[in-house]
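J.: sequence plus predicted model, see below.
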Amino acid sequence: MEIGFQENDQNQELDSHVTHLMEISSGYYGCSHYRRRCKIRAPCCDEVFDCRHCHNEAKDSLQTEQLLRHDLPRHDVSKLICSLCETEQDVQQNCSTCGVCMGKYFCSKCKFFDDDLSKKQYHCDDCGICRTGGKENFFHCKRCRCCYSKVLEDKHRCLEGALHHNCPVCFEYLFDSTRDITVLRCGHAMHLECTKDMGLHNRYTCPLCSKSICDMSSVWKKLDEEVAAYKIPKVYEDKMVWILCNDCGSNTNVRFHLIAHKCSSCGSYNTRKTQRGPNTHSCSSGGPQVVGLTG
């Protein structure tokens, strides 16, 4: 009976291994982030993960003790494990033992593999990482230190290290985020999804500089009508206040109103009361802009 149990265990293990190989050959491989035929050994903690995102989700989450949280340094990866034959080896596109291609797209600089070529991956030497969207569709801005869509070349507002900070809404680091990113008319960047979430809560100003994130002229027109229709109490008829315009930076003296205060320089209602005198700055222009995504 003991021998029979051992044979059953061996048969189950063999069946499991065969099923594993069949899944790999049928396209069921990789993780939720990438389709690839290899895993990586993290140089930071010496553990094996499907990809760097899988590592970061496990090691940099709220469930991990704060002192132990860390991200995987992608360029330091030196060892990987073939998903087909489970051979651990140096980073390379084809397995040194079984010869399987571990990723149709392979970047030796980023130690990055992916079978989904529809993403149009490319490596940007200036960014130092792989991005998606097709190299022919993007250019690298030296001052912003990131890739932008070519439709914005010579048109976007440059900000030093525009993407080298966290999203002001969800706090995810933007530079190597895989989620869609938009650059606002003021030049600050955030996730496109976070911008839409702000709209659902009627928030239309940049969380960093308070400038309007889109064309608000139709909203200002409706406010004009509301302000004109509202009869202000007599006690406030001659009251004047200084306001600062968040959109153009002008500091002007306007008639007080209980609904809103309109900038006399650019017509925006995105203003706030202040005690300061005139201090005019130039007005920014443009609309939401698109940047290159990371691989």
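T.: Right, received. Where do you want to start? Numbers count the residues shown, from 1 in each chain.
J.: mind listing what's buried in stretch 32-40?
T.: For stretch 32-40, burial by neighbour count (16 or more other CB atoms under 10 Å) applies to 34, 36-40. In this view, the C-beta of every residue, glycine as well, is placed from N, C-alpha and C.
J.: with secondary structure and distance to residue 205 as extra columns, can I get these in CSV?
T.: Output for the buried residues of stretch 32-40, formatted as CSV (DSSP: H, G, I helix; E, B strand; the rest coil; distance: CB to CB, whole Å):
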residue, secondary structure, distance to residue 205
34, coil, 36
36, coil, 41
37, coil, 47
38, strand, 45
39, strand, 44
40, strand, 41
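J.: now the residues you listed in JSON lines, with distance to residue 223?
T.: Below are the buried residues of stretch 32-40 laid out as JSON lines (distance: CB to CB, whole Å):
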{"residue": "34", "distance to residue 223": "48"}
{"residue": "36", "distance to residue 223": "53"}
{"residue": "37", "distance to residue 223": "58"}
{"residue": "38", "distance to residue 223": "58"}
{"residue": "39", "distance to residue 223": "57"}
{"residue": "40", "distance to residue 223": "55"}
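J.: rebuild those residues as JSON lines, extending it with distance to residue 182 and pLDDT.
T.: As requested, those are exported to JSON lines (distance: CB to CB, whole Å; pLDDT from 0 to 100):
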{"residue": "34", "distance to residue 182": "24", "pLDDT": "93"}
{"residue": "36", "distance to residue 182": "29", "pLDDT": "94"}
{"residue": "37", "distance to residue 182": "34", "pLDDT": "95"}
{"residue": "38", "distance to residue 182": "33", "pLDDT": "96"}
{"residue": "39", "distance to residue 182": "33", "pLDDT": "96"}
{"residue": "40", "distance to residue 182": "31", "pLDDT": "96"}
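J.: ok, which pair from the residues you listed is furthest apart?
T.: 37 and 40 (12.1 Å; CB to CB).
J.: what are the ranges of the helices in the stretch 101-250 of the chain?
T.: Using DSSP state H, counting those that start in this stretch, the helices of the stretch 101-250 of the chain run over 192-200, 217-229.
J.: ok, the buried residues of stretch 32-40 vs residue 268, which is closest?
T.: Set against residue 268, the nearest of the buried residues of stretch 32-40 by CB to CB is residue 34 (44.7 Å).
J.: that closest one and residue 237, how far apart?
T.: From residue 34 across to residue 237, the span is 66 Å (CB to CB, to the nearest Å).
J.: do the same with residue 57
T.: Distance, residue 57 to residue 237, using CB to CB: 60 Å.
J.: go on, residue 151?
T.: According to CB to CB, residue 151 and residue 237 sit 50 Å apart.
J.: cool, and residue 275?
T.: Counting by CB to CB, the gap from residue 275 to residue 237 is 21 Å.
J.: mind checking pLDDT for the nearest residue to residue 166 once chain neighbours are set aside?
T.: Among residues not flanking residue 166 along the chain, residue 173 sits closest, at 5.5 Å (CB to CB, 6 or more residues apart in numbering). What the model reports as pLDDT for residue 173 is 91.
J.: same question for residue 104.
T.: For residue 104, the predicted pLDDT is 95.
J.: so what's it closest to, chain neighbours aside?
T.: Leaving aside its sequence neighbours, residue 104 sits nearest to residue 115 (CB to CB, 6+ apart; 5.0 Å).
J.: how many residues are close by the one you found?
T.: 16 (other CB atoms under 10 Å).
J.: separation between the closest residue to residue 144 other than its chain neighbours and residue 129?
T.: In space, and not counting its chain neighbours, residue 144 is closest to residue 162: 4.0 Å by CB to CB, 6+ apart. Look at residue 162 and residue 129: by CB to CB, they are 15 Å apart.
J.: pick out whichever of the two has more residues nearby.
T.: Higher neighbour count among residue 162 and residue 129: residue 162, with 24 against 20, using other CB under 10 Å.
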